[in-house]
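A.B. asks: I need the structure of the sequence given here:
(one chain, ligands or ions: 1)
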Amino acid sequence: MPTYSFRCARGDTFDVLIPMPELRSTWTCPTCSQPSTRVYGAPALARLGSSRHRAADLAASSAERPHVVRRPAAAGSTGNAADRSPTARRPGFPALPRP
Ligand SMILES: [Zn+2]
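C.D. replies: Okay, here's the model as predicted:
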């Protein structure tokens, strides 16, 4: 749920945690009960976890220089040439018919 910041005419600032559909252009100040207007700030990127930061960095770098995969990952590889081939057979996946 997003947090919205408001400031009243007296200068009191406060945050309101509400669902987006309930957002109004003015909010009543909890200190002086005067109408307050919304204050726009920087996005709260610091609240993202490190994995989301890595994903955002990877997406940004990939936009200019795409990452190229030359062969499939070698997870479970036995070192056989067949395992290094992109057409290596894997248990549980039946071979597709060849034309
Ligand atoms: Zn106020």
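
A.B. asks: buried ones in stretch 3-16?
C.D. replies: The neighbour-count check on stretch 3-16 (16 or more other Cβ atoms under 10 Å) flags 4, 6, 8, 14, 16 as buried. The C-beta positions use only the backbone N, C-alpha and C, and glycine is treated the same way.

A.B. asks: what about it, start to end distance?
C.D. replies: 6 Å (Cα to Cα, to the nearest Å).

A.B. asks: again, but for stretch 65-72
C.D. replies: 20 Å.

A.B. asks: do the same with stretch 9-22
C.D. replies: By Cα to Cα, one end of stretch 9-22 lies 22 Å from the other end.

A.B. asks: What are the contacting residues of that stretch?
C.D. replies: Contacts to stretch 9-22, defined as Cβ atoms under 8 Å, 6 or more residues apart in numbering, come from residues 1-7, 27, 29-32, 34-36, 39.

A.B. asks: Are that stretch and the ion in contact anywhere?
C.D. replies: Yes. For stretch 9-22, a contact with the ion is found by Cβ under 5 Å from the ion, at 10, 12.

A.B. asks: Great, nothing more from me.
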